[in-house]
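Colleague: got a structure for you, letters missing:
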């Protein structure tokens, strides 16, 4: 049995918890269960924190960065997400094919952000943009997105005071992360190239693995390039005409990335051909050496075979110097054959 004082306290606490508004309890549970970043920039009022208990305000620009895809089902974000059902379905169902969904009220994009950790890992990102709000969603907390968000909070004018400018900043960030991935693969190719022309052997499976990584890179870069090109050609209410040159700049970045990937693929093909040529040359050198040794031993075997025949009358068999003569003849023929091959440049320095 509980003492009366505990019953009284528990009753008071129960009535107090029950008196908390439903919306406040929802925001508290959300803050505890997900990684959430949100802020609103109003040119008149400056930067203010956005609390996820009400829809984004219509004035100013709100950026909501989520790192838990399950929060996409939160009804607070429905006014934005329900405008792009195709992209929302693709991301939630993990069909992360890079694409764009353009609507009269805004656009949605699926893109990826690569990380280099013992290879290249790709993390999908969904971007939902309307004139007064941008929502970005990833499967985990990405330091690059968090860093850009903090920069935007500190200096929203330079990063993006409008939805179009901020969308440009996010896309520019995702494309910039591909350059370290390309450099990482090129460093691997440089290391393999040094091994090929050194005495150490090279495993072709490394080159095949790098070629596969380059194919994945191209698979992720090419759709982004086409999406940006479509945005430039067709236009979008989210992006004003004055902001299109900035998207042309990131389109040029995507072209440069595609060219770098194509050059790296050509380099991989060339290195595979060089590796096969080097291996073939080494095999040829081994065959040359074995040919010379076999020819020398063949001459010695010929002499041994002649004097090993089972005839009764072989004069040298009873000769006192027959054995030294046979050994000397073998040695003389071996040395003669060796220098003949050297004169013909079959062995030795070319």
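Modeller: Thanks, I have it. For clarity, every value in this text was computed on a predicted model and none was experimentally measured.
Colleague: next, count neighbours for residue 232.
Modeller: Here the count is done by other Cβ atoms under 10 Å, and residue 232 has 16 residues near it. C-betas here are computed from N, CA, C, even on glycine.
Colleague: likewise the one 3 residues further on?
Modeller: Close neighbours of residue 235, defined as other Cβ under 10 Å, add up to 13.
Colleague: got a pLDDT number for it?
Modeller: Predicted confidence (pLDDT) for residue 235: 81.
Colleague: and it, how far from residue 43?
Modeller: 24 Å (Cβ to Cβ, to the nearest Å).
Colleague: domain parsing for the protein?
Modeller: Domain ranges of the chain: 31-161, 283-343, per automatic domain parsing.
Colleague: between these, which one is nearest to residue 212?
Modeller: Taking Cβ to Cβ, domain 31-161 is the member of the domains of the chain nearest to residue 212, at 10.1 Å.
Colleague: what helices or strands is the helix or strand encompassing residue 269 leaning on?
Modeller: Following DSSP states H and E, the helix or strand that holds residue 269 is helix 244-307. When contacts are defined as 3 or more Cβ pairs under 8 Å, 6 or more residues apart in numbering; DSSP states H and E, helix 244-307 sits against helix 163-176, helix 178-196, helix 204-234, helix 322-343.
Colleague: give me the mean pLDDT for it.
Modeller: If you average the pLDDT over helix 244-307, you get 88.
Colleague: just the angle for that helix relative to helix 322-343, thanks.
Modeller: Put simply, helix 244-307 runs at 150 degrees to helix 322-343, going by axes from the mean of the first three to the mean of the last three Cα atoms, to 10 degrees.
Colleague: how far off centre is helix 244-307?
Modeller: Taking the mean of its C-alpha atoms, helix 244-307 sits 26 Å from the chain's own mean (Cα atoms, centre = their mean, to the nearest Å).
Colleague: which sections of the stretch 51-200 of the chain are below the confidence cut-off?
Modeller: Across the stretch 51-200 of the chain, the ranges flagged by pLDDT under 70 are 199-200.
Colleague: what angle separates the strand or helix carrying residue 137 from helix 163-176?
Modeller: Counting by DSSP H and E, the element that carries residue 137 is strand 133-138. Computed by the same axes, to 10 degrees, the angle separating strand 133-138 from helix 163-176 equals 20 degrees.
Colleague: so what strands line up beside strand 133-138?
Modeller: With DSSP bridges as the test, strand 133-138 is paired with strand 61-66 (parallel), strand 120-130 (antiparallel).
Colleague: downstream of the shortest one, the next helix or strand is which one?
Modeller: Spelled out, that is strand 61-66. Going down the chain from strand 61-66, the next helix or strand is helix 78-81, by DSSP H and E.
Colleague: which helices and strands does the helix or strand just after that next one pack with?
Modeller: Using DSSP H and E, the next helix or strand after helix 78-81 towards the C-terminus is helix 85-92. Here helix 85-92 touches strand 99-103, strand 106-116, strand 120-130, going by 3+ Cβ pairs under 8 Å, 6+ apart.
Colleague: is it possible to get JSON lines of these that adds distance to residue 174 and mean neighbour count?
Modeller: Below are the helices and strands packed on helix 85-92 laid out as JSON lines (distance: least, Cβ to Cβ, whole Å; neighbours: other Cβ atoms under 10 Å):
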{"stretch": "strand 99-103", "distance to residue 174": "13", "mean neighbour count": "18"}
{"stretch": "strand 106-116", "distance to residue 174": "5", "mean neighbour count": "22"}
{"stretch": "strand 120-130", "distance to residue 174": "7", "mean neighbour count": "21"}
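Colleague: out of the ones you listed, which gets nearest to residue 92?
Modeller: Among the helices and strands packed on helix 85-92, strand 120-130 comes nearest to residue 92, with 8.9 Å by Cβ to Cβ.
Colleague: what's the angle from that closest one to helix 204-234?
Modeller: Using the same axes, to 10 degrees: strand 120-130 against helix 204-234 is 10 degrees.
Colleague: centre of the chain to strand 120-130, how far?
Modeller: Using Cα atoms, centre = their mean, the offset of strand 120-130 from its chain centre is 14 Å.
Colleague: could you count how many residues lie near residue 36?
Modeller: By other Cβ under 10 Å, the residues close to residue 36 number 17.
Colleague: list the beta-bridge partners for it.
Modeller: residue 66.
Colleague: thought it was touching residue 66?
Modeller: Yes. With contacts counted by Cβ atoms under 8 Å, residue 36 reaches residue 66, the gap being 6.3 Å.
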